[in-house]
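Visitor: Here is a sequence together with a model predicted from it:
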Amino acid sequence: MLDIARMKRIRLSANPRGQRLMAMGVLAPNYTVARTRVVFEGEENLPAEPVIFAMNHTDRYNYWPFQYALWRRHDRFTATWVKGKYYENPVVGGFMEIMNNLPTVSRGYLITRDFVALTGRRPAGEEYASLRERVDAVARGEEPVASDAGLPAELWTRPRDILGRPFDPAQETWEEAVCAVFATMMARFVELHEEAFALGLDILVFPQGTRSIRLSRGHIGMAEIALRYGRTIVPVGCSGSDRVYPGSSPFARRGKITYRIGVPIPYDAMEPFHVPDDFTPFDAKDEAQHRPRLQGLTDLVMERLDGLVDTPYRFGSDDRSGGVQGSDRFL
């Protein structure tokens, strides 16, 4: 499970043993036997300093070949954004930690995890929508307008621990408690980026936020980190990985995976999208105030990605993701 304690104990490494063992013990022999080809195009676009790689996310494992080739060819390691739900399983969660991954936290994950812990089931679609609307309103400093009719009363009334933080209904509302847990966990998430950059690690982000063959509109989290820390974004288009990794098996099939490394977008080139120095990443009020800039930079990166992938992976007609929806995204 991903909670406050786990976020605090995550330690990054400049030379992650997990990535090296995975590369030499699993990926190298797998790619040799299966005759899997990993091709880099545009390597001349790689800056010397640590950057934020923005990549499309076609399948479960399309970052593994990239990490493998980046290390073998350029002796560089990454810290990759992964969903909090992968820490639900103790074995998988431990694997994620030794692989130098950065668990992303969302209000949706916190809502769903607390609901399951309290009721023993996931929230239904309408329940999740109401709860998310209530939490988002409080995060923006507004009063919740979504009805609590039909929602479990114990959500608001039962004192309990929410992912490492005590909740006392006599002292705060449930929505305020969820927002406080989110703020604590995201502060550590942001701090981990500072540690990663100091160690010389690149950050690898999937701006779409979920797996999808075709590109869809990106989320703003990547832009928040890039603008807050003045970091260069390098778009990387991935084509062919979904055919090499067609399902849940972590073993590659025969095929060719192409990574096209685009022209870097340095901080100075982001000038139209710059935010104030006191901007706090993932703060709902700051996000609302600066959303046009954050989304503008995100859209620019996604447009660059569209030109770096093969035709089957380009934007669809409505720019919508074909990934999982609702609370199923979080557990």
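Guide: Yep, that arrived.

Visitor: Could I get the contacting residues of residue 54?
Guide: Listed by Cβ atoms under 8 Å, 6 or more residues apart in numbering, the contact set of residue 54 reads 205-207, 218, 222, 233-236, 301, 305. For the C-beta atoms, the positions are set from N, CA and C on the backbone; glycine is no exception.

Visitor: where's it, which helix or strand?
Guide: Residue 54 is part of strand 52-55, with elements assigned from DSSP states H and E.

Visitor: follow-up on the earlier one: sort out which one of the contacts of residue 54 lies nearest residue 282 for me.
Guide: Taking Cβ to Cβ as the measure, residue 282 lies nearest residue 222 of the contacts of residue 54, at 11.6 Å.

Visitor: quick one: the closest one and residue 207 touch, right?
Guide: Yes. Shown here, residue 222 and residue 207 form a contact pair, counting by Cβ atoms under 8 Å, at 5.0 Å.

Visitor: what residues are shared contacts of the two?
Guide: 54, 298, 301.

Visitor: wait, the last one sits on residue 237?
Guide: No. Taking contact to mean Cβ under 8 Å, the distance of 11.2 Å between residue 301 and residue 237 leaves them out of contact.

Visitor: what are the ranges of the helices in the stretch 1-150 of the chain?
Guide: When assigned using DSSP state H, counting those that start in this stretch, the helices of the stretch 1-150 of the chain occupy the ranges 4-9, 17-22, 28-34, 64-74, 90-98, 107-119, 125-139.

Visitor: Need the contact partners of the second one.
Guide: If I follow you right, that is helix 17-22. Around helix 17-22, the neighbours that count as contacts under Cβ under 8 Å, 6+ apart are 64, 67-68, 71, 77-78, 95, 97-100.

Visitor: The first one now?
Guide: Outside of helix 4-9, the residues within contact range by Cβ under 8 Å, 6+ apart are 87, 93, 103, 105, 163-165, 181, 184-185, 188-189.

Visitor: What are the buried residues along that helix?
Guide: 4, 6-7 (16 or more other Cβ atoms under 10 Å).

Visitor: Export the residues you listed as a markdown table, with columns for pLDDT and distance to residue 39.
Guide: A markdown table is the format used below for these (pLDDT from 0 to 100; distance: Cβ to Cβ, whole Å):
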| residue | pLDDT | distance to residue 39 |
| --- | --- | --- |
| 4 | 98 | 42 |
| 6 | 96 | 36 |
| 7 | 97 | 36 |
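
Visitor: coming back round to it: among the contacts of residue 54, list the two that are farthest apart in space.
Guide: Looking at the contacts of residue 54 by Cβ to Cβ, the two members farthest from one another are 218 and 234, with 14.6 Å of separation.

Visitor: which one of the contacts of helix 4-9 is nearest residue 252?
Guide: Nearest member of the contacts of helix 4-9 to residue 252, counting by Cβ to Cβ, is residue 93, at 23.5 Å.

Visitor: ok, the residue lying closest to residue 41 once chain neighbours are set aside - contacts?
Guide: Once flanking residues are discounted, residue 41 sits nearest to residue 260: 4.7 Å by Cβ to Cβ, 6 or more residues apart in numbering. Applying Cβ under 8 Å, 6+ apart to residue 260 gives the contacts 41-42, 236-237, 239, 308-309.

Visitor: ok, now which ones touch the most far-flung residue of the chain relative to its centre?
Guide: In the chain, residue 170 marks the outermost C-alpha relative to the chain mean, sitting 34.4 Å out by Cα atoms, centre = their mean. With contact set as Cβ under 8 Å, 6+ apart, residue 170 has no partners.

Visitor: Mind doing that once more with 10 Å?
Guide: 157, 159 (Cβ atoms under 10 Å, 6 or more residues apart in numbering).

Visitor: again, but for residue 290
Guide: With Cβ under 10 Å, 6+ apart, residue 290 has these contacts: 220, 223-224, 227, 273-276, 279, 283, 296.

Visitor: Kindly report the same for residue 166.
Guide: Taking Cβ under 10 Å, 6+ apart as the test, what residue 166 contacts is 159-160, 177.
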